[in-house]
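S.K.: Predicted model follows, preceded by the sequence.
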Amino acid sequence: MATIMIRNLDEATKANLRIQAARHGHSMEEEARHILRVAVNPAVSSEALGTRLQRRFGALGSVELESIALPDRPLPDFAEGDGQ
């Protein structure tokens with residue numbers, strides 16, 4: 001684990017950090033670690049990829065693609081039964 005020291009932190013920021021830490025039941029040091037983790041680490045989404053794509057591009061509408069038969073076997077029919 002690394003250690004850092006933050007110098008020249010103004011009193012108002014220190015006081016607000018102390019208040020926020022107390023609100024969350026953390027020490028000031030733990031609160032600062034949490035703030036830094038959130039600020040510099042990429043967010044990990046629990047949302048599925050398809051859901052994220054739909055949310056991002058859904059307003060653009062859908063596109064119908066032409067069905068193309070493969071030369072060595074027929075296309076599967078996913079509309080019926082269990083897919084066998």
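M.R.: Now that the structure is in, tell me what you want to look at.
S.K.: Now do His34 against Ile4, distance only.
M.R.: Distance, His34 to Ile4, by CB to CB, to the nearest Å: 14 Å. Any C-beta I mention is one placed from the backbone N, CA and C, and that applies to glycine too.
S.K.: got a list of what Ile68 touches?
M.R.: Residues near Ile68 by CB atoms under 8 Å, 6 or more residues apart in numbering: none.
S.K.: again, 10 Å this time
M.R.: Contact analysis of Ile68 by CB atoms under 10 Å, 6 or more residues apart in numbering lists Leu75.
S.K.: try Ala32
M.R.: Here Ala32 is in contact with Ile4, Ile6, Leu9, Leu17, Gln20, Ala21, His26 (CB under 10 Å, 6+ apart).
S.K.: mind listing which of those are in helices?
M.R.: The helices, defined by DSSP state H, take in Leu17, Gln20, Ala21 from these.
S.K.: and the last one, how many neighbours?
M.R.: When neighbours are counted by other CB atoms under 10 Å, Ala21 registers 18.
S.K.: where does the helix or strand harbouring Leu53 sit relative to the chain's centre, distance-wise?
M.R.: Per DSSP states H and E, Leu53 falls inside helix 49-57. Centroid separation for helix 49-57 versus its chain: 12 Å, with CA atoms, centre = their mean, to the nearest Å.
S.K.: Go ahead and name everything in contact with it.
M.R.: Under the criterion CB under 10 Å, 6+ apart, residues Ser45, Glu47, Ala48, Gly58 lie in contact with helix 49-57.
S.K.: For the residues you listed, give me TSV that also has pLDDT, distance to Ala69 and neighbour count.
M.R.: As requested, these are arranged in TSV below (pLDDT from 0 to 100; distance: CB to CB, whole Å; neighbours: other CB atoms under 10 Å):
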residue	pLDDT	distance to Ala69	neighbour count
Ser45	75	37	9
Glu47	85	35	8
Ala48	90	31	9
Gly58	86	30	10
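S.K.: Sweet, I'm off.
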